[in-house]
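In: Pasted the sequence and its predicted model underneath.
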Amino acid sequence: MVDFGNRLKELRLNAGLSQKQLADKLWITKATVSYYELSERNPSPEILIKIAKVFHVTTDYLLGIEDKQKYLDVSDLTDDEIDLLRHTINVIRKNRL
């Protein structure tokens, strides 16, 4: 797992979470979060998915396969708002051609 520990710590700090707060969200111990951040342990696939959901990123991003966060969380938006975003994205893409 390339840079997983550093990436996890960066995401956690950017979200303003302590190790304990993140641990509570994942139903694991604070020590386990610390081990992950220090790259002393690797999370199970189940925990990796939970981490991705907490920070609204892909597992590929967490694992260092992707360099950019390509995931856009729209779960709390209405269908009309999502349609507006789709339209805006299409306009941006067309303008780059």
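Out: In hand now; what should we look at?

In: The longest helix along the chain - what's its average pLDDT?
Out: Counting by DSSP state H, the longest helix found in the chain is helix 79-96. Helix 79-96 shows a mean pLDDT of 91.

In: same thing with stretch 57-71?
Out: Regarding stretch 57-71, the rounded mean pLDDT is 84.

In: Kindly report the same for stretch 10-28.
Out: On average, stretch 10-28 scores 96.

In: to the chain's geometric centre, what's the distance from that stretch?
Out: In this view, stretch 10-28 has its centroid 12 Å away from the chain centroid, taken as CA atoms, centre = their mean, to the nearest Å.

In: how long is it end to end?
Out: Using CA to CA, to the nearest Å, one end of stretch 10-28 lies 19 Å from the other.

In: Count the neighbours of residue 11 for me.
Out: Here the number of neighbours of residue 11 (other CB atoms under 10 Å) works out to 20. Quick note: C-beta positions are derived from backbone N, CA and C, even for glycine.
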